[in-house]
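1. I would like the atomic coordinates for the input below:
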Amino acid sequence: MKPFSYPPVSPRFNLELKEKNDKWLRYAVNFPVARPTKYKEHNTAFGDYYQPIDGDNLPLVILVHGLGDHSTLPCKLLARDLAKRGIASFVLYLVFHSSRMPKAIKNKFPNLTEGEWFEGYQSSVIDVRQVLDWATGNGQINKEQIAIIGISLGGMVSAISMGVDKRICAGVLTISGGNYESDTWLRRACPDWTEEQYADAQKAYRRYLAEVAKKGFENVEPPKKTYLTDPMTFASCLRERPLLMINATLDERIPKQATLDLWEAAGRPEIKWLPGTHASVWLLYSRIRREIISFLNSTFGR
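-> Numbering: from 1, shown residues only. Next up is the predicted model:
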């Protein structure tokens, strides 16, 4: 079972210069997806590529936003700040962005079925992998220095992408977490369950994780598709790889225990706790930027 695989296709990325200054160029990018869905809006992916003016053999960061459109703002700010420092950036617009969301999904979002959520994650991870295909064939990009930064749901997509594709050498997960089968998540989704039901759900997922640790996720049939959208499933693949987690102390959307569960499963990487809620933590953008740039410089040996 290879849920995040796709047919081998040559990257067909269309770039159009949209903005230029003395530090970087910004290109609007589109490309046909390698694994189309029934929705035409999903079948062309979009992004913004920020290329530093000077230098070859550039490191690249793929930036992945969260639910909706608003979380693209910190992605764009980071892309510009990284480009000023000689690091190329690709801001990817997921199927969860309004520009790619069909009316049938918009009308009931976020109350999607398990299958619809899975398809959204599947498309997102494959989009990331297609950006990697393009980047590793781009003579200006150092294919040994490609990192990913994800925000909220984008952090979950980033963790999965990093877990399934070793071409991503490092990652930063911001205001994110995992272990959807824990009672901290399920009490929100299933408030009428009994304590026994919460406990049974976690036991079943832990059994699956133990089997995945032995055989690999591609060799274990998940009892639920949601297991394949949970970063915890892929966390063992993140161990011993450069990883930074940045989270908010008062996050009302991502339970603290969900972050700690993912942190533990990923081998206890460096983690920073900043004061703020899920959204207000970005008022500390300058601090977040410093942490990310320091991490990337260390990782890339700059």
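
2. now the strands: where do they sit in this protein?
-> 14-20, 24-32, 44-52, 58-64, 88-93, 141-151, 170-174, 243-248, 270-274 (DSSP state E).

3. Output the longest one in CSV with nothing but the alpha carbons.
-> What that stands for is strand 141-151. Taking C-alpha atoms only, strand 141-151 is exported to CSV below (Å, rounded to 0.1, in the frame of the first residue of the first chain):
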residue,chain,number,x,y,z
ILE,A,141,18.8,24.5,-6.1
ASN,A,142,21.1,22.4,-3.9
LYS,A,143,19.1,19.2,-3.8
GLU,A,144,21.0,18.2,-0.6
GLN,A,145,19.6,21.3,1.2
ILE,A,146,15.8,21.2,1.0
ALA,A,147,13.7,21.8,4.1
ILE,A,148,10.0,22.2,4.8
ILE,A,149,8.1,24.5,7.1
GLY,A,150,4.5,23.9,7.9
ILE,A,151,1.9,25.9,9.9
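
4. got the buried residues for that strand?
-> 141-142, 145-151 (16 or more other C-beta atoms under 10 Å). Where C-beta positions appear, they are placed from N, C-alpha and C, glycine not excepted.

5. wait, Y6 sits on I126?
-> Yes: between Y6 and I126 there is a contact under C-beta atoms under 8 Å: 5.1 Å.

6. shared neighbours, these two?
-> Common neighbours of Y6 and I126, using C-beta atoms under 8 Å, 6 or more residues apart in numbering, are 34-35.

7. Against G150, how distant is Q51?
-> In this structure, Q51 and G150 are 21 Å apart, going by C-beta to C-beta, to the nearest Å.

8. contacting residues around W273?
-> Per C-beta under 8 Å, 6+ apart, neighbours of W273: 247-249.

9. so which two of the buried residues of strand 141-151 are the farthest from each other?
-> Greatest spatial distance among those (C-beta to C-beta): N142 and I151, at 24.1 Å.

10. any low-confidence regions in this structure?
-> The chain contains residues with pLDDT under 70 at 1.

11. for the stretch 51-200 of the chain, what spans make up the helices?
-> For the stretch 51-200 of the chain, applying DSSP state H, counting those that start in this stretch gives helices covering 72-84, 103-106, 114-136, 153-164, 183-189, 195-215.

12. before we move on, back to that, okay, the strands of the chain in TSV with distance to Y198 next?
-> As requested, these are exported to TSV (distance: least, C-beta to C-beta, whole Å):
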stretch	distance to Y198
strand 14-20	48
strand 24-32	42
strand 44-52	37
strand 58-64	30
strand 88-93	35
strand 141-151	28
strand 170-174	25
strand 243-248	23
strand 270-274	26
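
13. Name the nearest residue to S161, ignoring sequence neighbours.
-> Spatially, and ignoring its direct neighbours in sequence, S161 is nearest to V128 (4.2 Å; C-beta to C-beta, 6 or more residues apart in numbering).

14. The one you found contacts G163, doesn't it?
-> No: taking contacts as C-beta under 8 Å, V128 lies outside contact range of G163: 11.3 Å.

15. More neighbours: which of those two?
-> Neighbours were counted for V128 and for G163 using other C-beta atoms under 10 Å; V128 has more, 27 against 23.

16. ok, the more buried one - contacts?
-> Shown in contact with V128 (C-beta under 8 Å, 6+ apart): 62, 64, 92, 148, 157-158, 161, 165.

17. Sort out which one of the residues you listed lies nearest N107 for me.
-> Within these, distances to N107 taken as C-beta to C-beta reach their minimum at V157, with 22.9 Å.

18. From the opening residue of stretch 93-106 to its closing one, how far?
-> From its first residue to its last, stretch 93-106 covers 16 Å (C-alpha to C-alpha, to the nearest Å).
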